[in-house]
Structures are given as structure tokens and as C-alpha cells.
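K.L.:
Sequence below, structure please.
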Amino acid sequence: MDAGGPTASTAPQRIKTWGKLANNAQTTSIQILNPLGAGDFGIGSQMQVATATAEGVAVGELGSWVELGRTKLFSAGDTVDVANLPNKKYYMLLIDTPASGSLASNIRFGVGTADAGNNYASRREDNNVENTVSSTNRIILQALIGSTQGRFGVHLVSNLANKEKLLQGDDMRNTVGTASAPSRIEDTGKWTNVASALDIIQYVNTGGGNFPIDTEMVVLGWTPNDSSTTESNFWQPLGEQVLTGNADNMGVLISPKKYLWLQWYTSATGTVRQNLTFNGDTAANYGRRSSVNGAADVALTSQTSIQAWALQTNLQYFYNCFIRNVGTREKFLNAKNVELGTAGAATAPQRVEFTGKWRNTVSPIVKIDIDNDNTGDYLAGSFIRVWGHD
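P.N.:
Residues are numbered from 1 along each chain as shown. Reported below is the predicted structural model:
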């Protein structure tokens, strides 16, 4: 994202980039360039690269996502505050909202107390429709929805004291009780404060209803140079599989955790179609909404899996997904995917953004499968990895 102008009257720019390096060797260095602009990167600009082994230990410069605070509602209300946050340059927000009606969900930042002045601007895409709001008193994540729907979002925040505070992330919402296609929202926003680092984040409802009981916001902070063991990392490894030969399935058994971070990579020979299922359920209990290369959304309902990608031949794919995994509620998923396209730098990769749900409300996810239902195979070296935390 780009902050836009230095005032709340200018909404931030929402930018999405997928790319590839046409080199089969493993990457050992990453560089950000400004080859065309006449200006320079400003003092204090930085790049942080977080990598991890299957054991969850960062490689290179050690660091981890550490839980800094969380707040859960034990009675209905309109605000969820996580206060007294230590100063971190980067935060990750996990926001879980059980189904309720007449909600409009937003974020405010502050120092000591949440700032309710008109010091924010936001831009979001809701089911492929762009919305821009400037000079308002909050960053709008999701506008007012009257029907009873659950919500789940994952957001990243930059928190440099002398710079505007920036937010970007992904949200979803859906009506419970049906195998319908969840709505898909991409958020950007800014708070114009340039005097100090924030120390409070507020999740606030401006609709006529209330956040229900069990609404929760978890705030993680990126802690670099953390030489401690993996116990300090919020994202604990739950399971992995790396294929040693060609196969039509990758899968893992995991311990049940409320928040899951799922990644998988497949290299294929022949024609494959990748289907995501949970706990071995192949009944028509899934819904999905997706956009390919920014095209109009495609909604699929009452599916026997969450179709991660349509039929493709001899290609490579990489997926990054976050899942809300509460046993007594439907399972929500936000995901992004890059597909290699034709090998070589002459062909841009394909980008896919999708949301999904599994309507099961009796048990948490403890088994994840990526099945191919066509004539090709996943190649050796394809993998699935899962991290999680309650």
C-alpha cells in the first residue's frame, strides 16, 4: 500500500503485487530497488524478511511474532480495546467476530486512548467493488451489514513514531447455516498521527447492533533478534508433509487450534485440480469466492471442497491462508495464491485471492487435505505446512 498524501483527506492507495524470479536456484538475497523514480528512499526505510523452517524457528536474523495482548468480550458491546502495547514497528491483528446483525466494523489507533477524531482515511475492496473514505474517525474494515453474519480478519500494521500509521489486511464475512460463498474484503487504511508510536488499538462497531459475546482481537508484535526458543513464537508448528514421490494427495493431522496459518506449494506434472477439505468431509458443506487477476468474483456454493485452483497443466503454485478454527462455529478461511504461468520472465504469474468456509459447527479442524481429482500428479518436493495457536 501507499499512504497517499500526508493528511486524512487523502485515502491510501491499495496495491497488490505478485511476481516470480525465473531462476530455479534457491533465493539467498532480496533487494528493493527504485530504478525509475527521481527521488530516494527516505532515512529510516527498512525491509524485514521473516522466514521459517517447519519447526517455526526463523532463519537468518532471528525473530518471531509474539503475542502482546488480547481482549475478548464476555458481554455484548461496541468496542474491543487492546491497550498498553509495547512499541513495535509491526503488528499483526487477528479479529474474530461471531455472527451478529447490524454491524459496521472499524479500527482506531491511539496513544493512551483511542483517537476518535477525523484523522483517518481508508480504501477497501468488497467483493471486487472499490470504496474510498477520507477524513473520517476510523479505518473502515467492513461497512454496515444488516443481516446476521460472522466475520474474520487478519491485518498488518506499521508503527513508526514519526510516520503515519498504516494498516493493510484481509477480511471476510458470511451468513451462517448455509454452504454459501463468503464475502471477500481487502482493507487499507491510515492514521495521520506522526508524533508518536501507538499503544492502543481499538476494534469498534458503528452499526446499530453490538459485537456479540466472544468477539476477540489478538495483537501480535514482530520481535526481531529474538534468540529465545520457539515457545515465544505465537505461531507454533502443528504439522507438515513433504512429498518424496509423485502423489494425488497431501495432508496433515494437527492438534486443534483457534487460529491456523496454512501454506502449501505444489509442482505438478500433467493436469491437476487442487481441492481443500477438512476432517475428511467431502459432502456439499463448503463455499468459496475468488477473483483471478482482479477479474469479477466467482462464487461457488454447496461445494464438496474449497477448490483452490481450476484445471491447470504442468505448473507450480504457492498458497498462503489464515483460518479461524472454532469447533462450535463455521470455519472461515482467507487465502492468496500465486501460479507460475509459463516458465520464464516473459510471462507474468497468475494471482488468485479467495475466501472459503466449511459449515461444520460440531468439531474443530484436525485434518487438512489437498487432493488432486484429475489425471496428473503433484511432484516430489511439494509440501503442506501448518502453524497455529489458540
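K.L.:
what stretches of this protein score poorly on pLDDT?
P.N.:
The chain contains residues with pLDDT under 70 at 1-62, 225-231, 310-311, 313-314, 342.
K.L.:
Tell me the spacing between the most centrally placed residue in it and residue 261.
P.N.:
Of all residues in the chain, the one closest to the mean position by C-alpha atoms, centre = their mean is residue 154, 4.6 Å from it. Going from residue 154 to residue 261 by C-beta to C-beta, to the nearest Å gives 9 Å. Bear in mind the C-beta positions are built from the backbone N, C-alpha and C, glycine included.
K.L.:
Touching both of the two, which residues are there?
P.N.:
residue 322 (C-beta atoms under 8 Å, 6 or more residues apart in numbering).
K.L.:
what about residue 73, neighbour count?
P.N.:
Residue 73: 20 surrounding residues under other C-beta atoms under 10 Å.
K.L.:
which ones are touching it?
P.N.:
Contacts of residue 73 (C-beta under 8 Å, 6+ apart): 80, 211-216.
K.L.:
Find the nearest non-adjacent residue to it, please.
P.N.:
Leaving aside its chain neighbours, residue 73 sits nearest to residue 215 (4.6 Å; criterion: C-beta to C-beta, 6 or more residues apart in numbering).
K.L.:
Hmm, that neighbour is touching residue 94, no?
P.N.:
No - if you go by C-beta atoms under 8 Å, residue 215 and residue 94 don't touch, sitting 11.9 Å apart.
K.L.:
Could you give the number of residues near the residue lying closest to residue 138 once chain neighbours are set aside?
P.N.:
Distances taken as C-beta to C-beta, 6+ apart place residue 106 nearest to residue 138, at 3.8 Å, with adjacent residues excluded. If you count neighbours by other C-beta under 10 Å, residue 106 ends up with 23.
K.L.:
Hmm, residue 106 is touching residue 207, no?
P.N.:
No - counting by C-beta under 8 Å, residue 106 does not reach residue 207; the two are 9.6 Å apart.
K.L.:
just to revisit the earlier point, just to be sure, which of the contacts of residue 73 are found in strands?
P.N.:
80, 216 (DSSP state E).
K.L.:
If any of the contacts of residue 73 are buried, put those into a PyMOL selection.
P.N.:
Applying 16 or more other C-beta atoms under 10 Å to the contacts of residue 73 leaves a buried subset, and the PyMOL line that selects it is:
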select buried, resi 80+211+212+215+216
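K.L.:
can you tell me which of the contacts of residue 73 lies nearest to residue 201?
P.N.:
Distance to residue 201 across the contacts of residue 73 (C-beta to C-beta) is lowest for residue 80, with 9.0 Å.
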